[in-house]
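K.L.:
Next one to model:
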Amino acid sequence: MKKIYVGDMTRIEFQERIKEAKCVILSAGSCEQHGYHMALDTDNVLGHYLAMEAAKKTDSIVMPNINYGQVWSARNYPGSISLSNDTLKAVFKEIILSLENFGAKNILLLAGHNGNAQAMKDVARELVNSHGYRNVWYFQQTTKKELLKLLEAEIPCNCVHAGEMETSMMLAVRPDLVDLSKAEKDFPTLPPEAKYRPVSWDEYITVGSYGDPSLATAEKGKIFLDSLINEIVHLINDIM
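P.N.:
Model prediction:
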């Protein structure tokens, strides 16, 4: 059986797999607060899960996760460790240059944490300009409108962070990292000035999660995850 996770490979196995694999997937998550009920590692867990499941269906390989990200909005909550976009871009760029040197066919930057998406897009653009690389792709998590009907509560501020949706996905993957007995509802209203200047979450929300995570179920989570996996598989198999 072909190995998928690069961290499990020897140098010889890596040398062989990177040249034959359709894509090399690099997920970047975060060390970030997820309310009172979920672990700081949530984005890393979900990002790595999506990468591994998509790789199984596309003859791709998965790099070790980048476990820190840009979490400016949540930076003042305990446990949130935020990197700048410049730092993220530098890390992405140097990893990509190494992968290109070893013969990667395609490289997919997967945003396990959506706050990393801008840095991913920017570095892909810069590498086109500086090196002519057109095989660097990026994927940001979004949810199809029809699936939003599964949610029983509204999505406040158009943010699903640590709410019903994200909690459901964690229940499907790592229920041991979720404690629904500690989940609290929070339906904040976005301050009007947020449209015109940077506003930290702690300026208008206490819990650090949005909506009602107590409504989360593993069944909902599997549906959300399968949809994302199918989208990544489509990108790798049909577009790359």
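K.L.:
okay, now the residue nearest to Leu148 when sequence neighbours are not counted: neighbour count?
P.N.:
In space, and not counting its chain neighbours, Leu148 is closest to Ile155: 7.5 Å by Cβ to Cβ, 6 or more residues apart in numbering. Just so you know, the C-beta spots here come from the backbone N, C-alpha and C atoms, and that holds for glycine as well. Counted with other Cβ atoms under 10 Å, residues neighbouring Ile155 total 17.
K.L.:
Would you mind measuring from Ile155 to Glu166?
P.N.:
11 Å (Cβ to Cβ, to the nearest Å).
K.L.:
quick one, strands of the protein?
P.N.:
Per DSSP state E, the chain carries strands over the ranges 24-28, 61-62, 107-111, 136-140.
K.L.:
Out of these, the one nearest Ile81 is which?
P.N.:
Between Ile81 and these, the shortest separation by Cβ to Cβ is 13.2 Å, and it involves strand 24-28.
K.L.:
in this protein, which segments are predicted with low confidence?
P.N.:
Within the chain, the set of residues satisfying pLDDT under 70 is empty.
K.L.:
The protein: helices as residue ranges?
P.N.:
Taking DSSP state H, the helices of the chain run over residues 11-20, 42-56, 85-101, 117-131, 164-173, 218-234.
K.L.:
Any chance of a markdown table for the strands of the chain, columns distance to Glu193?
P.N.:
Converted to a markdown table, the strands of the chain look like this (distance: least, Cβ to Cβ, whole Å):
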| stretch | distance to Glu193 |
| --- | --- |
| strand 24-28 | 30 |
| strand 61-62 | 41 |
| strand 107-111 | 27 |
| strand 136-140 | 26 |
